[in-house]
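Q: everything below, folded, please.
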Amino acid sequence: MLRKLYDWVFEQARKPYATKALAGVSFAESSFFPIPPDVMLAPMVLSRPDKAYQYALICSIASVIGGLFGYAIGFFLEPFGMWLLTTLGKSDAFETSKALFQQHGAWIILIKGLTPIPYKLITISAGIFAFNLPLFILLSAITRAGRFFLVAFVLKTWGPAMLEVIEKRLAMWTVIGLVVLVGAFFAIKLI
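A: Residues are numbered from 1 along each chain as shown. Coordinates of the predicted model:
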C-alpha cells in the first residue's frame, strides 16, 4: 500500500495542478501523511529547474503550516496524537522522547527536520510536550527551508545524476549531516 501511495504522489508531480498538490503533500506530511514532499519536489525541479526555488519555498511554507497543524494535534488532541504516534510505531519511546525533548528540544527539531525521519513525529510530539510555540515555528522554518532549498539547489545544479547519487547513498549523507550537527552541538556545549 505504501508503494502505491508513493507512486501516486510521484505521479502528481506531472499533473497541471502539481504546485497545489506539492503544497498539499508538504502540509500533510508534517502532520499525518506518510510520504515526504521530496517525492514530488524532485521531479518538479528536474522538469522545471527555473522554478526550483519557487517549489522549495512552496514546500517550506506549506510544511511549516502543516507542522503547526501537527503541533495542534499533539497539544489539543493528545489522545489522537498518541494514536497517530502508535500507528507510526513510535509511542513505545514516549518517556525517552519526553526527556530528550525537555533537554534538547530545539536540537531535536533542527536535526530531525533535516533528515528523512517523518517530520510529523516531531510536530505532534512538540505539541504533546507543549514545546515553546514561537521557537517551534522559527526552528521549523529554518530546518524545513534548509532541507527543501538544499534539494532544489542540488537538483537544479547537478540534475538527475546527483539525484541518483543521493538516493543510493541517502543513509550515508544523513549520517554525515547528523555527525556534523551533533559535533556542533557538543562544541557549543564546551564553549
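Q: the helix or strand where residue 83 lies packs against which elements?
A: Here residue 83 sits within helix 78-87, counting by DSSP states H and E. Helices and strands touching helix 78-87, by 3 or more C-beta pairs under 8 Å, 6 or more residues apart in numbering; DSSP states H and E, are helix 52-76, helix 119-128. For every residue, glycine as well, the C-beta is placed using N, CA and C.
Q: not counting its neighbours along the chain, what's nearest the most centrally placed residue in the chain?
A: For the chain, residue 119 is the residue whose C-alpha lies nearest the centre (C-alpha atoms, centre = their mean; 4.2 Å). Distances taken as C-beta to C-beta, 6 or more residues apart in numbering place residue 30 nearest to residue 119, at 4.9 Å, with adjacent residues excluded.
Q: do residue 106 as well
A: residue 139 is the one closest to residue 106 (C-beta to C-beta, 6+ apart), at 5.9 Å.
Q: I'd like to know how far the one you found sits from residue 109.
A: Using C-beta to C-beta, to the nearest Å, residue 139 is found at 4 Å from residue 109.
Q: repeat that for residue 79.
A: 23 Å.
Q: so which of the two has more stuff around it?
A: For residue 79 versus residue 109, the count of surrounding residues by other C-beta atoms under 10 Å is larger for residue 109: 26 against 7.
Q: tell me which element that one falls in.
A: Using DSSP H and E, residue 109 falls in helix 94-114.
Q: how far is that helix from where the chain is centred?
A: Taking C-alpha atoms, centre = their mean, to the nearest Å, one finds helix 94-114 lying 14 Å from the centre of the chain it belongs to.
Q: next one: stretch 16-34
A: That offset, for stretch 16-34, works out to 12 Å (C-alpha atoms, centre = their mean).
Q: how about it: buried residues?
A: By neighbour count on 16 or more other C-beta atoms under 10 Å, the buried set for stretch 16-34 is 18-19, 21-33.
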